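> The sequence isn't on hand, but the structure is:
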């Protein structure tokens, strides 16, 4: 089981790098092993070329449970997620360029422009800027993390979570794809969100047809 989890984290790390969601040593990935332990990427390594030795077991206080490499400097963000969301088993933090670009421009993804992202992501909140690797980052997500699996970190990146590593990663792909479409559409003109009636119809289908039960923030 442990080998399978490690291989999945390594696979996700390669996808993050190959798809340009991170560069160099950016980003971090973790998985909940049990109530008290997580497996997380080590600090200062390229996620596109990780090995099993680059993953660190840690407790929910952020302390490594083995000698050698140190866990990611953003481990407090991961442990905050696991403490607040016992239903979640995986966390992916990346720096997707279109998502970050929109946050720099003050453009939020809180409107229902696309049916797919409305169903899968809901209204995506933007957490206020927190200095990387400090307590400011986990504090910034606290108002949102119980109500959504997808958070934009202002001027920083994204946080996506799920019951599996693949689920958390797919939410990141959808988020960045949506951000890219919104960015391109703004170059052409004014954006027009879906109307409230259509959103109501889509939300009625969310669990019944698509089987989606994880929390999203509803559109106002």
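Received, thanks. The model shown is predicted, which means the values in this text are computed figures rather than measured ones. Numbers count the residues shown, from 1 in each chain.

> Touching the helix or strand residue 197 falls within from outside, list them.
Assessed by DSSP states H and E, residue 197 sits inside helix 196-208. Residues outside helix 196-208 that contact it (Cβ atoms under 8 Å, 6 or more residues apart in numbering): 112, 115, 118-119, 194, 212-213, 218-219. To be clear about C-beta, it is placed using only N, CA and C from the backbone, and glycine gets the same treatment.

> Among the residues you listed, which pair sits farthest apart?
194 and 213 (21.9 Å; Cβ to Cβ).

> So for the two, which sits in the more crowded spot?
For residue 194 versus residue 213, neighbours defined as other Cβ atoms under 10 Å are more numerous around residue 194 (16 against 9).

> Pretty sure the more buried one sits in a helix.
No: read with DSSP: H, G, I helix; E, B strand; the rest coil, residue 194 is coil and lies in no helix.

> can you pull the contacts of it?
Residues near residue 194 by Cβ under 8 Å, 6+ apart: 112-113, 115, 118, 202.

> can you rerun that using 10 Å?
Residue 194 sits next to 111-115, 118, 201-202, 219 when contact means Cβ atoms under 10 Å, 6 or more residues apart in numbering.

> now swap in residue 177 and tell me
By Cβ under 10 Å, 6+ apart, the neighbours of residue 177 are 96, 98, 114, 116-117.

> Out of these, who's the most crowded?
Going by other Cβ under 10 Å, residue 96 tops the contacts of residue 177 with 25 neighbours.

> Could you verify my assumption that that one touches residue 150?
No: counting by Cβ atoms under 10 Å, residue 96 stays clear of residue 150, with 11.4 Å between them.

> measure the spatially most central residue of the chain to residue 35 for me?
Centroid-nearest residue in the chain, with Cα atoms, centre = their mean: residue 160, separated by 1.7 Å. Separation of residue 160 from residue 35 (Cβ to Cβ, to the nearest Å) stands at 22 Å.
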